[in-house]
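Novice: Here is my input; please provide its structure:
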Amino acid sequence: MKIEGRNAVLELLKTDKTVDKILIVKNPQGVLNKIFSEARKKGIRVQFVDERALNRESAEKRHQGVIAFTSDFRYSSLDEILSSVEDGKGLIILCDGIEDVHNLGSIIRVAECVGANGVIIPANNSASVTEAVVRISAGAAEHMKVAKVNSLNRTVDELKKRGFWLYALEADGKSIYESDLSGNVALIIGGEDSGVKKLTREKCDFTLALPLYGSVNSLNASVALGIAAYEVVRRR
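Specialist: Alright, predicted model coming up:
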């Protein structure tokens with residue numbers, strides 16, 4: 001896996017993940033010098049190359065002068081996520097049909113910022129954690145536990161057994177500002193076109209909505225999640 005971009009690589013170096021090598025543009029400045037310094041402390045091989053070499057290695061030509069080569073993203077298990085939950089203070093994010101890598105990256109960034117225990121994505125019909133997702137998350141994917149499950153609905157059932165309240169975020173739900181968000185909370189965010197799937201929604205304890213006062217009838221998935229997740233945190 002190639003991790004591109006200054007923030008993403010810097011966050012990668014804060015973890016214990018194996019980094020095979022790092023390419024940095026010649027005559028580095030600012031943050032790139034910091035990346036070089038941190039890499040040297042960890043004994044990671046660094047090569048200084050020209051811009052053309054970085055462009056050849058970059059998938060989207062948005063490397064910002066640095067690319068790190070590391071092993072493929074390691075997904076966590078549901079048990080690993082649950083092991084970090086403090087009773088009554090759990091917060092888990094479930095993605096139902098999030099196929100756009102930009103949305104997934106932003107969702108993971110939100111989850112990390114609010115201190116969520118983990119993000120759960122289905123194995124099928126969903127974006128996976130790729131180099132682009134790591135970059136878009138600004139490196140948050142290196143710190144956030146992400147589990148890939150075969151059945152989101154079975155996972156919902158398991159979370160309910162483990163003491164979580166399940167909330168689907170949908171436009172026709174009850175206002176989040178009038179809802180009790182105490183205890184262990186799992187928020188389910190659906191794809192921008194399809195929303196939370198019918199069966200998954202039926203399995204949830206509640207459906208929540210964010211009031212909309214303008215002409216547009218929906219929010220971007222990651223924006224909606226951010227508002228809802230911070231409301232959960234605010235109540236605590």
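Novice: where along the chain do the strands fall?
Specialist: When secondary structure is read from DSSP state E, the chain shows strands at 2-4, 19-25, 45-49, 66-70, 91-96, 118-122, 146-149, 164-175, 184-190, 206-209.
Novice: With mean pLDDT and mean neighbour count as extra columns, can I get those in CSV?
Specialist: Where you see a C-beta, it was placed from the backbone N, CA and C, and this is true even at glycine. Shown next, in CSV, are the strands of the chain (pLDDT from 0 to 100; neighbours: other Cβ atoms under 10 Å):
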stretch, mean pLDDT, mean neighbour count
strand 2-4, 90, 22
strand 19-25, 92, 19
strand 45-49, 93, 14
strand 66-70, 92, 23
strand 91-96, 98, 25
strand 118-122, 96, 25
strand 146-149, 94, 20
strand 164-175, 93, 18
strand 184-190, 97, 25
strand 206-209, 94, 18
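Novice: out of the ones you listed, which comes closest to Val216?
Specialist: strand 164-175 (11.1 Å; Cβ to Cβ).
Novice: Each with direction, which strands does the closest one pair with?
Specialist: strand 184-190 (parallel), strand 206-209 (parallel) (DSSP bridges).
Novice: contact partners of the longest one?
Specialist: With Cβ atoms under 8 Å, 6 or more residues apart in numbering as the contact definition, strand 184-190 has outside contacts at 85, 87-98, 107, 156, 159, 162-170, 196-197, 200-201, 204, 221, 224-225, 228-229, 232.
Novice: Next, count neighbours for the nearest residue to Asp50 once chain neighbours are set aside.
Specialist: In space, and not counting its chain neighbours, Asp50 is closest to Lys26: 5.9 Å by Cβ to Cβ, 6 or more residues apart in numbering. Here the number of neighbours of Lys26 (other Cβ atoms under 10 Å) works out to 12.
Novice: what residues are up against Lys26?
Specialist: Contacts of Lys26 by Cβ under 8 Å, 6+ apart are 48-50.
Novice: From Ala53, how far off is the residue nearest the centre of the chain?
Specialist: In the chain, the centroid-proximal residue (Cα atoms, centre = their mean) is Ile108; its distance is 1.4 Å. Counting by Cβ to Cβ, to the nearest Å, the gap from Ile108 to Ala53 is 29 Å.
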